[in-house]
Every structure is written in structure tokens, then in C-alpha cells.
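*Asks:* could you work out the structure for the sequence below:
(2 chains)
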Amino acid sequence: MSEARQPTEAELQAFADGRVDPDQKAAIDAWLAEHPDEAERIEAYRRFDEGLRKLYDPVLEEPVPGRLMRSAGVRRSWLPAAKAASWLVTGLAIGVLAGWQLHEWRTPPPVAADPAAVMARRAAMAHATYSPEVRHPVEVGADQEQHLVTWLSKRVGAKVRAPRLDEAGMSLVGGRLLPGESGPVAQFMYQTPAGRRITLYVRAEARGHRDTAFRYARENNVGVFYWIDGECGYALASADLAKDELQRVATLIYKQLD
Amino acid sequence: MNEAERLVELIPRLRRYARALVGDRATADDLVQDTLERAWAKLHLYRRGTDLRAWLFTVMHNVHVNRVRAARATDQLEEDMPELAQRAAQGDALLVRDLDRAISRLPDEQRAVLLLVTLEEMSYDTVARTLEIPIGTVMSRLSRAREKLRAMMLGQGATRLKVVK
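*Replies:* As a prediction, this is how the structure comes out:
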């Protein structure tokens, strides 16, 4: 075996992609057995390929936004039928995904559970649940903002406010009450004129939780900035905004709620 | 099934590739939208019986190159966020997240080749036709992309140990 011919770099790449014929494969296997460093390199490439698929394949299951359907020449009159079909598929996918996500989310984090990180996860999940809603994104609309804020403050058990985000080009859609880890939680939803949405998740913080700086996490395509400030914990989530845009909004909120 | 219907059927794949290519969802969908509009307008140029997917990805590639060029002309803002996240993740999840970042740091042309090979599972030949480059260039970019990723992943592993408490 020691006279095994050294494969070319292109052959090694094809080998990593599983695109060589059996004879070639046997020869390269033999060569790699004698060159552990190279074997490790090729093995790393395969792990990356697998990682890339894990990262991006979930996009295939996402519902296709209406604007893309229209750009692809799908006439409006087709849309209801097309949508119904896509929602049917999506419904199945969501069922499967929800099962998977619940499993993921139920698995306790390996390190001692950081309460703020738990909040970020819940905020991401709540965002993923409500932000795609077309007809019922919120329980109480922005037209009853005063009532909304009073109600949420009372239920959450802390003074809750809906920050103004006009400066970021976002207006309040409304809010809703959600079950949290240790009590009710408020969720405010905002959107741009183009329909890009963010949600602000607010919970009362137990005494003894110290203030934290901004932290960022990403859960299944939802980016979350979260922090604890005084008696409340906040998590700002969006699947539509880039990280830097989201950070700008988080900073704006932080300044207002100070 | 006519071309228009197949175009619609390919949207999820365009979105997957775009997401991996540019990172965030909104920008990626903008790219897909521009691509579809252009493809729809140019559909008469598509030759029946040839590979519609490769044709569509070529359209996307050209749209992307133009957008990147336009963006560079207007501003040089690099996405350079201070590292605020303290992630609790291990094993696979850690690999996948670091990979997300590493892939965004690859040179555009290398990233395109790697993604078409791994995500689209295109043959090297089809990648060459799609990106309109020689097959030798496909192979060398593929090799360089993977080697760069490996270097970054090894490097990140090292810095992470210093960062994690």
C-alpha cells in the first residue's frame, strides 16, 4: 500500500464531496490511511458541508413571502389557492418544526441556565409565533395604547411602557400578554411601513438580578438583543432586521426606558 | 409544467442560497426578488430544454455581483459588531454557529462556489457554467474556500477558550 499514488487536490475535493468512482475511492482511502493529517483535513471539510446544510436547509421549509411569489409572475388571482397550498405544507412543516424546537428548547442548556438567556429563547419563540400573523398579530391594538400599557403593567407586575420607535421608522402595532417562566410577560409588536416586524418582550425581573449589558443571541433565524435594566428584563427580537439594525433599535429603546 | 411554474418551484432554493450568500433574511429576500423580476423579464432568453436551475442561478449571480458593486460604491460600512453575545452552546450547535460567521467572511467568489457545491449539490461542471468560470477555477476556489474555513474554525476555537468564562 505504501506506493499509493498521491491524489491531486481536485481529486481530494471530489472525494470529500463523494464524487469519485469506486476505484478512485479505494485508492484515495488507501492513501489517506497513510496520511492522517490529510485524512483529518478531508474529514473537517465533510463536517463543514454537513454544518452548512444544517444551517441553511431550514430555509427551504419557510413559507415563501407573497412579494416573491408576485415577482415570479404568480398572478394575484392565483394567490389564494397558492397560499392555501403553501400553508398546508407550512402547517405540516411547522408541526414537525415545533416538535423539534420544543424538544430543543426543553433540553436544559449544558451550563447552569442563565435566566437572561432563557428569556432570549422564549422571546425568539414568541416572535416566531406571532410576527408572521396577518390577521391577529396582537391582542390589543395601538389605537388603545393607554389601555394596553395599563393592562400589561398590572398583569406583569412592573411598570411597562411601549417605547416610541418613530426614529427607527417603526410604529407600534399593539401588544399581548404571554405566559413566562415565572409569571405573565408582555410582548409589544412594531413594524415598518414595508411590514418588517420586531417584537419587544418585557418581563418583571426578580430582585437580585443585576443589570446586564446588551447581549445578542440567534435562535433559528430570529436575532435577539436582550438585557436587564432595573425591575424589567427586555428582549428585542426580529427575523427581518439585520443585527446592526436591531442593535440600533435596542439602543433607542434602552435610552428611552432609562 | 411550464417554465413559469418551475420558476416558482425553485424559489425556496434561491432563498436558501441567497441566505447563505448574504446573511440576513431581508437582504437575502431582496436579492431573490430582484433575481425573479429579472428572470421573469428575460424568460424569453432562456433556451427550452436546458438547465433552468443553472440559468436562474446565473441570473442571481449577476444580480448579486451588481448589487455588491453598487453597495461598495455608496458606502464602505463593514458589518463589524462588537461581540456582545455570551453563547451557551456546545458541540454541534457551536460548530454550526461559528460556521455561520466564518462563511460570511469568505471572499464572495469562493463562498458562491462552496455553496453551489454543498447546498445545491451542483456538479462542478454546472457550477462552472452557472458562474461562467472555467472548471479549474471552480476546483481551486472550492479548495481555497474550504481551507480558509478550516483555518478560521481552528482560530475561533482558540480565541473562544480565552473568552468563555
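*Asks:* going forward, measure contacts between C-alpha atoms and count neighbours the same way
*Replies:* OK.
*Asks:* A:A237 and A:Y226, how far apart?
*Replies:* 8 Å (CA to CA, to the nearest Å).
*Asks:* hang on, I meant A:M125
*Replies:* Counting by CA to CA, the gap from A:M125 to A:Y226 is 14 Å.
*Asks:* which one of the two has more residues nearby?
*Replies:* A count of neighbours by other CA atoms under 10 Å in any protein chain shown puts A:Y226 above the other of A:M125 and A:Y226, at 29 against 19.
*Asks:* any residues touching stretch A:8-19, and which ones?
*Replies:* A:20, A:25, A:28, A:42-43, A:45-46, B:118, B:139-140, B:142-143 (CA atoms under 8 Å, 6 or more residues apart in numbering or on different chains).
*Asks:* name only those of those that count as buried.
*Replies:* A:20, A:25, A:28, A:42, A:45-46, B:118, B:139, B:142-143 (16 or more other CA atoms under 10 Å in any protein chain shown).
*Asks:* and these, which of them are in helices?
*Replies:* Using DSSP state H, A:25, A:28, A:42, A:45-46, B:118, B:139, B:142-143 are the members of those that sit in helices.
*Asks:* now render those residues as a markdown table, adding distance to B:E132 and pLDDT.
*Replies:* Formatted as a markdown table, those follow (distance: CA to CA, whole Å; pLDDT from 0 to 100):
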| residue | distance to B:E132 | pLDDT |
| --- | --- | --- |
| A:K25 | 29 | 93 |
| A:I28 | 30 | 95 |
| A:I42 | 27 | 95 |
| A:Y45 | 25 | 94 |
| A:R46 | 26 | 93 |
| B:T118 | 18 | 95 |
| B:M139 | 13 | 97 |
| B:L142 | 15 | 97 |
| B:S143 | 18 | 96 |
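*Asks:* what's the most distant pair in the residues you listed?
*Replies:* For those, the farthest-apart pair by CA to CA is A:I28 and B:T118; their separation is 20.7 Å.
*Asks:* nearest to B:A70 among the contacts of stretch A:8-19?
*Replies:* B:L142 (26.1 Å).
*Asks:* name the nearest residue to the closest one, sequence neighbours excluded.
*Replies:* B:L114 (5.6 Å; CA to CA, 6 or more residues apart in numbering or on different chains).
*Asks:* can you check A:E219 too?
*Replies:* Nearest non-adjacent residue to A:E219 (CA to CA, 6+ apart): A:A124, at 6.4 Å.
*Asks:* in the helix or strand hosting the one you found, what counts as buried?
*Replies:* Under the criterion of DSSP states H and E, A:A124 resides in helix A:115-130. For helix A:115-130, burial by neighbour count (16+ other CA under 10 Å) applies to A:116-117, A:119-128, A:130.
*Asks:* thanks again, I'm all set now.
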